[in-house]
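**Q** Sequence first, predicted model second:
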2 protein chains.
Amino acid sequence: MVEHEPRACDAALARAFEFLGKRWSGVILGSLRQGPAGFVELRRAVGGISDSVLSERLVELAHAGVVVREVEPGPPVSVQYRLSGAGEALVPAMLELSAWARENLPQAEQA
Amino acid sequence: MVEHEPRACDAALARAFEFLGKRWSGVILGSLRQGPAGFVELRRAVGGISDSVLSERLVELAHAGVVVREVEPGPPVSVQYRLSGAGEALVPAMLELSAWARENLPQAEQA
């Protein structure tokens, strides 16, 4: 059987979904879209995430270069998280996705 | 302590990442961006997915209304999958994400 044209796999898109689709990662980035935040504020915004998982995700996101962790020497010492340039570059895509979901993904049904 | 302004959680964005971040779902949609495809062609394009998982994902995506399954009576009967209107509406966001990942997410390191 002759294949007309092999369909290319969009490896970059696959990487994006793998990275952002990891539970909480996308939501954390979405929260930081609104500006820098401390740990407690972020935890509250994300909702339902444990301290340890939020810490772990922030380390991963910082390692990937999309989030910056900034320590302001105190007293009291304060730690803030913000989007890096690469993180900010993701904002248009996040806005598109959010608008798409509002239109096309229904909210979970009320029980 | 006074909170200045509670940071809103973008529930729609969270839904989008939960939906698209499910392993393979986003990649399947990305493959269908290039036009309708049969099961075998899709499996080849996605790469590394089993028949049963691909079937399951296609059922979920059709149920969510983003993919349409079309049966052309034969003989031989042929089944094609394509993006629905809601699926097509996701294309701009996918293009943004893909471009962002090419720029900002390095490919897995070579061993």
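**A** Yep, it's here.

**Q** Helices along chain A, start to end?
**A** With DSSP state H applied, chain A shows helices at A:11-21, A:25-32, A:39-46, A:51-63, A:85-88, A:91-104, listed in chain order.

**Q** Can you lay out those helices as JSON lines showing mean neighbour count?
**A** Yep, even glycine has a C-beta here, placed from its N, CA and C like the rest. Output for these, formatted as JSON lines (neighbours: other Cβ atoms under 10 Å in any protein chain shown):
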{"stretch": "helix A:11-21", "mean neighbour count": "22"}
{"stretch": "helix A:25-32", "mean neighbour count": "25"}
{"stretch": "helix A:39-46", "mean neighbour count": "18"}
{"stretch": "helix A:51-63", "mean neighbour count": "15"}
{"stretch": "helix A:85-88", "mean neighbour count": "16"}
{"stretch": "helix A:91-104", "mean neighbour count": "20"}
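
**Q** between those helices, which one is nearest to chain B?
**A** Nearest to chain B among the helices of chain A is helix A:11-21; the distance by Cβ to the nearest Cβ comes to 1.9 Å.

**Q** same for the closest one, what does it pack against?
**A** Judged by 3 or more Cβ pairs under 8 Å, 6 or more residues apart in numbering or on different chains; DSSP states H and E, helix A:11-21 is in contact with helix A:25-32, helix B:11-20, helix B:25-32, helix B:91-104.

**Q** about what we covered before: for B:Phe39, find the nearest of the helices of chain A.
**A** helix A:11-21 (19.1 Å; Cβ to Cβ).

**Q** what's in contact with the closest one?
**A** Applying Cβ atoms under 8 Å, 6 or more residues apart in numbering or on different chains, the external contacts of helix A:11-21 come out as A:25-26, A:29, A:64, B:17, B:20-23, B:25-27, B:30, B:94, B:97-102, B:105, B:107.

**Q** ok and that helix relative to helix A:51-63, angle-wise?
**A** If you take axes from the mean of the first three to the mean of the last three Cα atoms, to 10 degrees, helix A:11-21 sits at 150 degrees to helix A:51-63.

**Q** Format the CA atom coordinates belonging to helix A:11-21 as CSV.
**A** Coordinates of each C-alpha in helix A:11-21 appear next as CSV, following Å, rounded to 0.1, in the frame of the first residue of the first chain:
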residue,chain,number,x,y,z
ALA,A,11,7.9,16.8,18.4
ALA,A,12,7.9,20.3,19.9
LEU,A,13,4.2,20.2,20.5
ALA,A,14,4.6,16.8,22.2
ARG,A,15,7.3,18.3,24.4
ALA,A,16,5.1,21.3,25.3
PHE,A,17,2.2,19.1,26.3
GLU,A,18,4.4,16.7,28.3
PHE,A,19,6.0,19.6,30.1
LEU,A,20,2.9,21.7,30.8
GLY,A,21,0.5,18.8,31.2
